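K.L.:
3D model of this:
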Amino acid sequence: IGLDGVVGEGQGLADTLVKTAADAMVYTPLWCAWFLAAMCALESPTLSSVAGRIRSVPSIWRSDWAELLRGNVSFFLPLTGIFYGFVPRDERVLAFGLAGFIYTIILSLWNESRAGKIPGPNSDGVGGE
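P.N.:
This is a model prediction of the structure:
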């Protein structure tokens, strides 16, 4: 059930505000937690190190979740309101997908700048410091 099924398919001010608030207060915090956990696992230099990295997810959530949430809300809150208020229902997936693509590029740049990220491989292709 999507927000249109719960709130209604209207694009009026009240519907737009409720959908935008629900998105920001329910979906976004969960998405941020999922993103950090997924990046943690995907950054593991070897398959055998994934379990160790997964055990570090709670500390990553404590250190990075609030910053990611602030950035996500700052980027998506205005867009979500615009999308729910003005973009026809049948075109919202495209609008959110395009915004998500752009935001993923921004997140990748943010993740590269984090101090605690896993180092990349050395020139010999072996993981390094």
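
K.L.:
mean confidence for stretch 109-116?
P.N.:
Stretch 109-116 comes out with an average pLDDT of 73.

K.L.:
Can you list the buried residues in the helix or strand containing R53?
P.N.:
Under the criterion of DSSP states H and E, R53 resides in helix 50-55. Residues R53 are the ones in helix 50-55 that count as buried (16 or more other Cβ atoms under 10 Å). Where C-beta positions appear, they are placed from N, C-alpha and C, glycine not excepted.

K.L.:
Please enumerate the helices of the chain.
P.N.:
3-7, 13-22, 28-42, 50-55, 57-86, 92-113 (DSSP state H).

K.L.:
Compare those and say which comes out lowest on pLDDT.
P.N.:
For these, mean pLDDT drops lowest on helix 3-7, to a mean of 73.

K.L.:
buried sites along that one?
P.N.:
3, 7.

K.L.:
so what does it touch, helix or strand wise?
P.N.:
For helix 3-7, the packing partners by 3 or more Cβ pairs under 8 Å, 6 or more residues apart in numbering; DSSP states H and E come out as helix 13-22.

K.L.:
what's the angle from the helix it packs on to helix 57-86?
P.N.:
170 degrees (axes from the mean of the first three to the mean of the last three Cα atoms, to 10 degrees).
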